[in-house]
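**Q** quick check, what structure comes out for this input:
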Amino acid sequence: MDYWSSSLAVDEEFEKLAIRMNPPRVTVDNDTSSKVTLIKVDSANRRGSLLEVVQVLTDLDLIIRRAYISSDGEWFMDVFHVTDKHGNKVSEDDVAERIEESLGPRAYNYRFQSLTRSVGFQSAAEHTTIELTGRDRPGLLSEVFAVLADLKCNVVAAGVWTHNSRMASVVYINDESTGLPIDDTERLTRIKQLLLYVLKGDRDKKSANTAVSVGSTHKERRLHQMMYADRDYDMNDMDGRSTSVRGKPLVTVENCVDKGYTVVNLRCPDRPKLLFDTVCTLTDMQYVVYHATVIAEGPEAYQEYYIRHVDGSPISSEAERDRVIHCLEAAIKRRSSEGIRLELCSDDRVGLLSDVTRIFRENGLSVTRAEVTTRGSQAVNVFYVADASGDQVKTETIEAVRKEIGLTILHVKEDAYAVSPPQESGRFSLGNIFRSRSEKFLYNLGLIKSCS
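**A** Below you'll find the predicted structure:
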């Protein structure tokens with residue numbers, strides 16, 4: 001055993017001991033408010049606690065209306081105001097238990113697997129997980145699914161994001177005939193070679209990549225990590241389809257000298273999973289959130305973070321400041337609802353995705369985002385499509401696609417969160433916007449203060 005592995009094992013045992021001595025406490029309160037459920041989390045503080053809690057709430061499809069976060073010291077204390085996706089208060093069943101599990105000793109197994117991941121192919125219990133990154137282009141997804149269908153691979157689920165001319169995808173496959181994970185080395189090598197050939201095309205000879213994750217992965221967590229590693233935030237790699245300046249989220253980054261924090265303020269149209277996306281990105285960038293206030297009760301969301309780098313230092317250069325701004329903008333826009341939302345629900349079959357995406361391509365449509373799931377024998381898929389030439393999608397094009405795929409199985413759905421972006425304005429701060437008693441509680445504790 002090398003030194004790194006030995007140190008990691010010691011850290012694992014020490015962390016488990018600390019968690020056993022100070023087990024997390026989660027309270028679900030449906031009495032205080034008539035409109036929202038309050039979820040209060042107290043636990044021993046460790047790096048990644050905030051992301052794990054937010055990830056659980058996101059996976060439960062809960063909408064976070066407000067959040068008050070404090071983790072300066074050895075203890076982690078958060079309050080989340082949540083509803084279900086219909087705006088109703090949530091049941092207490094399972095919520096507290098799942099959060100406590102995410103923060104308890106068993107959660108370390110997942111974190112250890114993430115630290116020791118490697119590049120290659122690895123079969124999971126029910127599927128093989130393929131990860132793809134490369135330059136986006138019209139018809140790319142159609143080509144990927146066509147290759148998999150030709151190689152007798154059944155796509156069980158997938159997530160596809162595109163941003164700033166880059167594409168990332170996590171695809172779960174199994175063998176078409178047996179329904180089992182694919183573990184034959186020669187076959188996996190063949191799959192990897194052909195997918196890499198498709199990804200490279202004529203323009204992406206160097207940065208295209210295919211790999212398969214080791215152990216369990218959280219799909220959306222990996223998509224953020226993959227796009228960040230692929231530098232989709234790099235403003236020097238923009239193409240003609242990029243969002244205009246007016247559509248950019250408003251992000252400011254300033255240092256609070258007297259407390260030694262960097263203060264990040266963010267304002268953008270609200271949507272589900274927004275808090276997960278921003279916390280995930282700050283974590284991937286090696287920043288620790290010490291305090292935060294989040295308000296998302298109207299069409300816009302406001303977030304204020306007090307952060308330091310993992311080494312305890314605030315942001316120290318203009319280049320680092322700009323990088324944080326660009327990365328947070330990218331994290332928000334990766335999941336932005338660009339294009340027409342199409343929902344497909346039908347009996348699942350091998351080659352379904354290859355056929356559907358081929359029809360999109362033949363009708364001049366490009367997939368900007370996709371969520372593919374299988375529920376029993378049913379395929380339940382969501383596609384966001386745009387005109388491949390950059391023009392507005394014509395109604396007759398959508399109807400032609402629906403007629404070819406099936407009017408009863410492919411439907412156009414309005415996205416309630418596809419709202420107009422906020423107007424550009426000057427510097428802003430949640431410390432200046434919110435003045436009610438509940439919104440000041442972190443300041444009243446004397447832990448943080450506005451730096452205006």
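
**Q** ok, residue 37 to residue 165 distance?
**A** Using C-beta to C-beta, to the nearest Å, residue 37 is found at 41 Å from residue 165. Yep, even glycine has a C-beta here, placed from its N, CA and C like the rest.

**Q** neighbour count for the two, which is higher?
**A** Higher neighbour count among residue 37 and residue 165: residue 37, with 23 against 18, using other C-beta atoms under 10 Å.

**Q** what about the helix or strand encompassing residue 382, distance to the chain center?
**A** Using DSSP states H and E, residue 382 sits in strand 378-387. Relative to its chain's centre, strand 378-387 lies at 18 Å (C-alpha atoms, centre = their mean, to the nearest Å).

**Q** dump it to PDB, keeping only the CA atoms.
**A** C-alpha atoms of strand 378-387 as PDB (Å, rounded to 0.1, in the frame of the first residue of the first chain):
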ATOM      1  CA  GLN A 378     -41.700   2.300 -20.700                       C
ATOM      2  CA  ALA A 379     -39.300   4.800 -22.200                       C
ATOM      3  CA  VAL A 380     -39.800   8.200 -20.700                       C
ATOM      4  CA  ASN A 381     -37.500  10.700 -22.500                       C
ATOM      5  CA  VAL A 382     -37.200  14.500 -22.600                       C
ATOM      6  CA  PHE A 383     -35.500  16.300 -25.400                       C
ATOM      7  CA  TYR A 384     -34.800  20.000 -25.900                       C
ATOM      8  CA  VAL A 385     -34.400  20.700 -29.600                       C
ATOM      9  CA  ALA A 386     -33.300  23.800 -31.600                       C
ATOM     10  CA  ASP A 387     -32.900  24.500 -35.300                       C
END
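
**Q** partner strands of that strand and their direction?
**A** strand 340-347 (antiparallel), strand 365-375 (antiparallel) (DSSP bridges).

**Q** list the buried residues for that strand?
**A** Within strand 378-387, the residues that count as buried by 16 or more other C-beta atoms under 10 Å are 379, 380, 381, 382, 383, 384, 385, 386, 387.

**Q** got a list of what the residue nearest to the fourth one when sequence neighbours are not counted touches?
**A** Put plainly, it is residue 382. Sequence neighbours aside, residue 371 is the residue nearest to residue 382 in space, at 4.5 Å (criterion: C-beta to C-beta, 6 or more residues apart in numbering). By C-beta atoms under 8 Å, 6 or more residues apart in numbering, the residues touching residue 371 are 158, 159, 160, 381, 382.

**Q** would you format these as TSV with pLDDT included?
**A** Conversion of the contacts of residue 371 to TSV gives the following (pLDDT from 0 to 100):
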residue	pLDDT
158	94
159	95
160	96
381	96
382	96
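
**Q** distance of the closest residue to residue 230 other than its chain neighbours from residue 186?
**A** If you skip the residues right next to it in sequence, residue 230 has residue 133 as its closest partner in space, 4.7 Å away by C-beta to C-beta, 6+ apart. Distance, residue 133 to residue 186, using C-beta to C-beta: 24 Å.

**Q** more neighbours, the two?
**A** The neighbour comparison of residue 133 against residue 186 (other C-beta under 10 Å) goes to residue 133, with 21 against 7.

**Q** what's the strand or helix carrying residue 168 in contact with?
**A** Element membership for residue 168 (DSSP H and E) is strand 166-175. For strand 166-175, the external contacting residues (C-beta under 8 Å, 6+ apart) are 126-136, 140-141, 144, 148, 152-162, 180-182, 213, 217, 219, 222-223, 226-227, 230-232, 237.

**Q** so which of the residues you listed are in helices?
**A** In helices, judged by DSSP state H, the following of the contacts of strand 166-175 are found: 140, 141, 144, 148, 219, 222, 223, 226, 227.

**Q** return the member of these nearest to residue 408.
**A** Nearest to residue 408 out of those is residue 141 (C-beta to C-beta; 23.5 Å).

**Q** with adjacent residues omitted, what lies nearest to residue 364?
**A** Nearest residue to residue 364 in three dimensions, chain neighbours excluded: residue 388, at 5.1 Å (C-beta to C-beta, 6+ apart).

**Q** if you could redo that for residue 328, that was the one I meant.
**A** Nearest to residue 328 is residue 251, by C-beta to C-beta, 6+ apart, at 5.1 Å.

**Q** so that neighbour sits right up against residue 278, yeah?
**A** No: using C-beta atoms under 8 Å, residue 251 makes no contact with residue 278, being 9.5 Å away.

**Q** who touches both of these two?
**A** Counting by C-beta under 8 Å, 6+ apart, the contacts common to residue 251 and residue 278 are 266, 328.

**Q** so which of those two has more stuff around it?
**A** Using other C-beta under 10 Å, the more surrounded residue of residue 251 and residue 278 is residue 278, with 26 against 19.

**Q** is the more buried one within a helix or a strand, and which one?
**A** helix 274-284.

**Q** strands of the stretch 151-300 of the chain, start to end?
**A** Residue ranges of the strands in the stretch 151-300 of the chain, as given by DSSP state E, counting those that start in this stretch, are 153-163, 166-175, 209-212, 250-256, 261-269, 287-295, 300-309.

**Q** to residue 396, which of the ones you listed lies closest?
**A** Among the strands of the stretch 151-300 of the chain, strand 153-163 sits nearest to residue 396 (C-beta to C-beta), with 24.7 Å.

**Q** contact partners of the closest one?
**A** Residues from elsewhere that reach strand 153-163 (C-beta under 8 Å, 6+ apart): 126-127, 136, 141, 145, 148, 167-176, 179, 182, 191, 219-220, 223, 227, 232, 330, 333-335, 350, 353, 367-374.

**Q** can you check stretch 381-399 too?
**A** 138-139, 240-241, 337-345, 353, 356, 360-361, 363-373, 412-413.

**Q** and the next element down the chain from the helix or strand that residue 28 is a member of?
**A** In the assignment (DSSP H and E), residue 28 maps to strand 25-29. Using DSSP H and E, the helix or strand that directly follows strand 25-29 along the chain is strand 37-44.

**Q** angle of that next one against strand 25-29?
**A** Strand 37-44 and strand 25-29 are oriented at 170 degrees to each other (axes from the mean of the first three to the mean of the last three C-alpha atoms, to 10 degrees).

**Q** same question for strand 37-44, mean pLDDT?
**A** Confidence for strand 37-44, expressed as mean pLDDT, is 89.

**Q** great, nothing more from me.
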